[in-house]
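Peer 1: Compute the structure for the input listed below.
(2 chains)
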Amino acid sequence: MNADVPGKTGSGIGEVVLAPVRFTMGLIDAPLRWLQRVTGISGMAAFFLLPNMLIFGIFVLLPFFINFAYSMTGGTALFLPDRSFVGGDQYARLFDCTNYLNANSCAEDTFWTAVGNTGWFVIIQVTLMIAVSLVTALILNRELAARSFWRAVFFFPVLLSPVVVGLIWKWILQRQGLMNFGLYGFGFDPYAWLNDRNWAFAATIGVSIWAHMGFYTLILLAGLQAIPKDLYEAAEMDGTRPTRAFLRITMPLLAPNLLVVVVLVLIKAVQIFDEVYVLTGGGPGTSTLYLTQYIYETGFATQLRNPGLAAAASILMGVVLVVLTLMQLGLSRSSEKKGARK
Amino acid sequence: MSRVAEFILRRKGGKRWHWTDIVTWVWLVGGLFVMFGPAVWLVGSSFKSPAALAEFPPTILPYVTQKVTVEGYDKPLDLYNVTLPDGSKATLAEVRRIGIVSQMIDPQKPGEIVKVNISQRTPVREMSFASENYTEPFTHFDFVRYLWNSVFVTVTATLITLVVNSMAAFALSKYEFRGRTFAMLLILATLMVPLSVIMVPLYSIVSALGLFNNLWGVILPTVATPTGVFILRQYMLTIPDELIDAARMDKASEWQIYWRIILPLTAPALAVLAIFSVVWRWNDFLWPLIVLSRKELYTLQVGLSIYSGELNVQWHFILAMTVVTMIPVVLVFIFLQRFITTGIAGTGLK
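Peer 2: Residues are numbered from 1 along each chain as shown, chains lettered A, B, ... in the order given. So this is what the prediction gives:
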């Protein structure tokens, strides 16, 4: 049991770095042997699972359940025992509207503004995102020279942090920015794009697509490459036109991947926050105020913070996300089954 | 050369240009500009002086107006190429400007002031990289501290993620015990609970544990990531159980089996998870923004966003710091691009 695994025996720098790790791991072994003798192998299974479950329980599961309790309490106090029980008041307040299509008629007008903004954002962004990713994936799936280079080109922004993404585009869209420089060449006057309600909204959509399309392109590309090439060869032999081959071979075989991607994009779009927060801060006015920012500001940022209201809003958002995630799990399972049949 | 061009421009069918070939190349070349252009522009801008940044139309490369020190004037003066009323040209320094009239002097003969219409002058420019954009944040702001906080959070969180997730994955892939399916489902269910849904109660729990305004409050909630458990488990399932049985025959403890057999064999999956964890943690924004309210604890991302709000005029610093924030991720991207893309395509995780 000494040499760990063939090919993994220590050499040079690796050994120097790993030596203290090995030493510590060895120290841990003695008490654990004792534990193993006492509890047996099934006890060790629990031991291995414990750290993860503990962290998971405290920081994910517990907050998840407490969230319901929070949403039924009022006041500005932070800890649950200090908060007063108000029942469904927070929900009632969120839904206190004379006309649901007009945010101004609601008691919580910013909430409904955020809902409306998020709704439009999701509809437009998801449509464009899927279109752009699909076209890119189809193009990258062709016989290209330096294909991995082109794949990297479109993937690159995915790894950038949302703050960096937000700042890059804030810099480009400002009055002295690159965007105006480009338009200046065509004789347009400089314009402060992010100070315009509609352009700011459009910018959040464009920037979020720019930042994430590479990820979905990659998933779709993997799906495209799984389609057997001989199907296309057979179609060509039969004199099938390329458009027909696309509609009859590519699309049906890609459909399961495409559906999964649609749901993934939806889930991400509903939660949009970071890059928008840096890019526009939700403005001008409330034109790019989306749900997560509403929850963040209601729960933490404003003077009149109201954790109960924020919790209620986050639960409503959670319901939407759970439905979407269940859809995704169902879809990926059915696509796996299809894959198995192939 | 022509063979290279032929290779690059290889077309569908091989003979005529099909319309899809044109779309392909327009898309690819356009994509190259749209995807890389903004980042390149950011890096280029980060070397410009505040005056050059305020300029419109902007220049591609960082230029500044040449300055000259003239006897009798405290500050260096801007140099201009001037067309004088008699049609001759000269290089003069501007003393002050009143309306459309600029008062200028010849640096060699500082005595006499020449009045010039501003439309008759163009600045003398030279290329200059404002490296102080990079050095000054290091000395004037808490930039080093932010950098250190980010590095600490990223490294610690990644190490804990690897240990904790691999242990859980080992238990879930190599042991039969009651409640295994339940634990698995519980972990998978977490995928449904994004931070934005639980941030209010999570905040109060982190505060109750005394981790508010503490870097551990940023690290701990993120480390039990379900995607990590998931990909490690999938990988460990492919390791044959016979190895474990053999080790047990040799009187190896379960812990030894874990760290001497399973961990080394899971190295490729661990590497993928490590890369992702580093990128995730380095880029984290919303949660550190909530947990950290003391300036000296900010991570780079939080510090940068706060700066960009407070110091809206100091773009030259913000741009330079943004570039620094970008560097680790860009390095990861350059060297590990292949692993990342196959990792995503294979597991669908980000």
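Peer 1: Would you enumerate the residues in contact with the residue lying farthest from the centre of chain B?
Peer 2: In chain B, the residue that sits farthest from the middle, by C-alpha atoms, centre = their mean, is residue B:86; the gap is 54.7 Å. By C-beta atoms under 8 Å, 6 or more residues apart in numbering or on different chains, the contact list for residue B:86 is empty. Quick note: C-beta positions are derived from backbone N, CA and C, even for glycine.
Peer 1: Is it within a helix or a strand, and which one?
Peer 2: Take DSSP states H and E as the rule and residue B:86 turns out to sit in neither a helix nor a strand.
Peer 1: go on, residue B:139?
Peer 2: For residue B:139, the host element (DSSP H and E) is helix B:132-140.
Peer 1: That helix: which residues count as buried?
Peer 2: B:133-134, B:136-137 (16 or more other C-beta atoms under 10 Å in any protein chain shown).
Peer 1: Tell me, how many residues neighbour residue 243?
Peer 2: Just so you know, I chose chain A. Around residue A:243 there are 8 other residues, counting by other C-beta atoms under 10 Å in any protein chain shown.
Peer 1: not what I meant, chain B
Peer 2: Based on other C-beta under 10 Å, the number of other residues close to residue B:243 is 15.
Peer 1: Report the spatially closest residue to it, excluding sequence-adjacent ones.
Peer 2: residue B:261 (5.8 Å; C-beta to C-beta, 6 or more residues apart in numbering or on different chains).
Peer 1: Residue B:248 is in contact with that neighbour, correct?
Peer 2: No. Counting by C-beta atoms under 8 Å, residue B:261 does not reach residue B:248; the two are 10.5 Å apart.
Peer 1: Could you pull up the residues touching the residue nearest to residue B:255 when sequence neighbours are not counted?
Peer 2: Nearest residue to residue B:255, sequence neighbours excluded (C-beta to C-beta, 6+ apart): residue A:32, at 4.3 Å. By C-beta under 8 Å, 6+ apart, the contact list for residue A:32 reads A:44, A:47, B:253-255.
Peer 1: still on that earlier bit, dump the buried residues of helix B:132-140 to TSV, plus pLDDT and distance to chain A.
Peer 2: What follows is those, written out as TSV (pLDDT from 0 to 100; distance: C-beta to the nearest C-beta, whole Å):
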residue	pLDDT	distance to chain A
B:133	78	13
B:134	82	16
B:136	78	18
B:137	74	14
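Peer 1: Looking at these, which one is closest to residue A:155?
Peer 2: Proximity of those to residue A:155 (C-beta to C-beta) peaks at residue B:134, which lies at 27.5 Å.
Peer 1: give the contact list for the residue nearest to the closest one when sequence neighbours are not counted.
Peer 2: Leaving aside its sequence neighbours, residue B:134 sits nearest to residue B:320 (C-beta to C-beta, 6+ apart; 4.8 Å). Counting by C-beta under 8 Å, 6+ apart, residue B:320 touches B:46, B:133-134, B:137.
Peer 1: Next: residue A:161.
Peer 2: Taking C-beta under 8 Å, 6+ apart, we find residue A:161 in contact with B:282-283, B:285, B:301, B:325-326, B:329.
Peer 1: and stretch A:242-255, how far from the chain's centre?
Peer 2: How far stretch A:242-255 lies from its chain's middle: 28 Å, per C-alpha atoms, centre = their mean, to the nearest Å.
Peer 1: For that stretch, give me every contacting residue.
Peer 2: Identification of contacts with stretch A:242-255 by C-beta under 8 Å, 6+ apart yields A:138, A:220, A:223-224, A:226-227, A:231-232, A:235-236, A:240, A:258, B:20.
Peer 1: try it again with 7 Å
Peer 2: A:223-224, A:227, A:231-232, A:235 (C-beta atoms under 7 Å, 6 or more residues apart in numbering or on different chains).
Peer 1: Max pairwise distance over these: which two?
Peer 2: A:223 and A:235 (18.3 Å).
Peer 1: Same drill for residue B:261 and residue B:248, tell me which one is more crowded.
Peer 2: residue B:261 (20 against 14).
Peer 1: how about the nearest residue to residue 114, chain neighbours excluded?
Peer 2: Since no chain was named, I'll use chain A. Among residues not flanking residue A:114 along the chain, residue A:294 sits closest, at 3.9 Å (C-beta to C-beta, 6+ apart).
Peer 1: hm, I was asking about chain B
Peer 2: Residue nearest to residue B:114 in three dimensions, not counting chain neighbours: residue B:104, with 5.0 Å by C-beta to C-beta, 6+ apart.
Peer 1: next structured bit after the strand or helix carrying residue A:244?
Peer 2: Using DSSP H and E, residue A:244 maps to helix A:242-245. Next in sequence after helix A:242-245, counting helices and strands by DSSP H and E, comes helix A:251-270.
Peer 1: for that following helix, the distance to its chain's centre please.
Peer 2: 13 Å.
Peer 1: next SSE after that helix?
Peer 2: Next along the chain after helix A:251-270, taking DSSP H and E as the criterion, comes helix A:274-279.
Peer 1: Give me the domain ranges for chain B.
Peer 2: Listed domain ranges for chain B are B:3-47, B:63-127, B:134-346 (source: the TED database).
Peer 1: now for those domains, which one comes closest to residue A:167?
Peer 2: Per C-beta to C-beta, nearest to residue A:167 of these: domain B:134-346, 4.9 Å.
Peer 1: just for chain B, where's the confidence low?
Peer 2: For chain B, the stretches with pLDDT under 70 are B:1-16, B:192, B:309-313, B:343-350.
Peer 1: Report the contact partners of the residue nearest to residue A:114.
Peer 2: Residue A:294 makes contact with A:110-111, A:114, A:313, according to C-beta under 7 Å, 6+ apart.
Peer 1: picking up where we left off before, quick check: the residue nearest to residue B:243 vs residue A:86, distance?
Peer 2: From residue B:261 across to residue A:86, the span is 55 Å (C-beta to C-beta, to the nearest Å).
Peer 1: List of residues touching the strand or helix carrying residue B:185?
Peer 2: Using DSSP H and E, residue B:185 maps to helix B:180-189. With C-beta under 7 Å, 6+ apart as the test, helix B:180-189 has contacts from A:49, A:53, A:56, B:172, B:226, B:229.
Peer 1: repeat that for 10 Å
Peer 2: For helix B:180-189, contacts defined as C-beta atoms under 10 Å, 6 or more residues apart in numbering or on different chains pick out A:45-46, A:49, A:52-53, A:56-57, A:60-61, A:64, A:322, A:325, A:329, B:165, B:168-169, B:171-173, B:177, B:179, B:224-230, B:233.
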